[in-house]
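Asks: structure, please.
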Amino acid sequence: MYSELKNVEIPLVKTLHEKLGWDYISSADLNNIRETFDNPFIIPYLKEAIVKLNGHKGITEDHA
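Replies: The predicted structure follows:
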């Protein structure tokens, strides 16, 4: 029997983690991290990504 979870989602998450270095956060863990459901972004992670991508331009978490 075809399972989208087994055939698509799990292999995709595995590939993103192993090949591209992405992190997977389960929905249960995500609920503990998220400050509010009103905002789709997890602000600490967003700031970290902005600094990582733009640090060479002098961007710090204070600017992000």
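Asks: chain neighbours aside, what residue packs nearest to the residue most central in space within the chain?
Replies: By CA atoms, centre = their mean, the chain has its centre lying nearest to Asp23, at 6.1 Å. In this structure, Asp23 finds its nearest non-sequential neighbour in His17, 7.1 Å apart by CB to CB, 6 or more residues apart in numbering. Where you see a C-beta, it was placed from the backbone N, CA and C, and this is true even at glycine.
Asks: Phe37 versus that neighbour, what's the distance?
Replies: As judged by CB to CB, to the nearest Å, His17 and Phe37 stand 25 Å apart.
Asks: for the two, indicate the residue with more neighbours.
Replies: Using other CB atoms under 10 Å as the criterion, His17 and Phe37 rank with His17 on top: 12 against 7.
Asks: the more buried one is in contact with Ile25, isn't it?
Replies: No - contact criterion CB atoms under 8 Å: His17 and Ile25 do not qualify, at 11.1 Å.
Asks: between those two, which contacts overlap?
Replies: Counting by CB atoms under 8 Å, 6 or more residues apart in numbering, no residue touches both His17 and Ile25.
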